[in-house]
Every structure is written in C-alpha cells, then in structure tokens.
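Engineer: Sequence plus the predicted model coming up.
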Amino acid sequence: MVNIVLVEPEIPQNAGNIARTCACIGARLHLVEPMGFRPTERNLKRAGCDYWSQVDIVRWPCAEAFFEAQRSGEAGPGALHLFTGQARRSFSQVTYGPDDFLVFGRESSGLAQYIIDTHEGSCVRIPMREGLRSLNLSNAVAVAAYEALRQQGWPGLI
C-alpha cells in the first residue's frame, strides 16, 4: 500500500481531493498537524464525496512524530520520497516500493527547509517550466501516486 503524507496541509478541498484519490488507489493517507482546517469541515467532506469510509487515515501530531515513526519502522517499512521544487532529481528517476511514503508539504510554502535538509537524498521533484512554483497539491499527489503504482504494475487496480 502506497502511503501519501501531507505535512501541515492548509486547504480542505485539496485534502478532500487527495483522500478521494487515496480511496480510489488503495493508499493510506497520513495527515501531519498542524493543519489549516478541522477534519470536520464541510468543504473537506464535500471534496472527498462519499469516499471517506474507503480511506485509511493516520493522523500525526507533528512532523517530528511522523518522521521518527518512519525511521523506527512504526509507521511502516517503506522508503521516503519527499516532493519539493528544490530537488534536482525527477520523481520518475527513482524506484518506488509498495509501502513507500510520498511526502508533500504545505500548499503555500512546501516542506520546511529543515525537513528537506535532513532528507536531502530522498528529495525528488515533478518537472515543470522554469519560473513556475508548483502544481496544485492534489494534482501533484495524483501524478506521484500513479507513477509509483505504474512502476509496481498497478497492484490491486483494474
């Protein structure tokens, strides 16, 4: 199962769209606080439609708690892949395992610099035109998740 990690997401509609993607592909969704919304917000639920019961959601109190749990194996055995515009390596140049963690930062600022610095060897980017900052978060998650699943032969998908 691919793990999608949202570190301090800010926009409920993005999180709802990502939850819907997770339901459709069988991915686990990790929500790392603080979040810019409450999980009960109407916009969040509307964006996820009626898929919420199909999503395995894990909440973390802070980024440090998530990364410590990942290091210790408590969060699962997969490798980290941090998505940031600061990386030089394309996301398509790495191999994704079935339990890997695809990690994304806030919509407004991405991942904190200390996280990028700590995990520099695990950072990848989605190519885009020079001078543009980023894709919409839910689009970036979909692009990354589908590449990971394509590499694995679409496990469990029809």
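Structural biologist: Sure, I can see it.
Engineer: Can you name the next helix or strand after the helix or strand bottoming out on mean pLDDT in the chain?
Structural biologist: When the helices and strands of the chain are scored by mean pLDDT, DSSP states H and E, helix 42-48 comes last with a mean of 65. Counting by DSSP states H and E, the next helix or strand C-terminal to helix 42-48 is strand 56-60.
Engineer: Quick check: buried residues in that next one?
Structural biologist: The neighbour-count check on strand 56-60 (16 or more other Cβ atoms under 10 Å) flags residue 60 as buried. Yep, even glycine has a C-beta here, placed from its N, CA and C like the rest.
Engineer: and the next helix or strand after it, how far out from the chain's middle?
Structural biologist: Using DSSP H and E, the helix or strand that follows strand 56-60 in sequence is helix 63-72. Taking Cα atoms, centre = their mean, to the nearest Å, one finds the center of helix 63-72 at 15 Å from the center of the full chain.
Engineer: Next up, the contacts around the closest residue to residue 135 other than its chain neighbours.
Structural biologist: Nearest residue to residue 135 in three dimensions, chain neighbours excluded: residue 126, at 6.3 Å (Cβ to Cβ, 6 or more residues apart in numbering). By Cβ atoms under 8 Å, 6 or more residues apart in numbering, the contact list for residue 126 reads 83, 90, 91, 135, 140, 143, 144.
Engineer: who's in contact with the nearest residue to residue 98 once chain neighbours are set aside?
Structural biologist: Excluding the flanking residues, the one nearest residue 98 by Cβ to Cβ, 6+ apart is residue 152, at 5.9 Å. By Cβ under 8 Å, 6+ apart, residue 152 lies in contact with 96, 97, 98.
Engineer: Doesn't residue 103 belong to a strand?
Structural biologist: Yes. The assignment for residue 103 by DSSP: H, G, I helix; E, B strand; the rest coil puts it in a strand.
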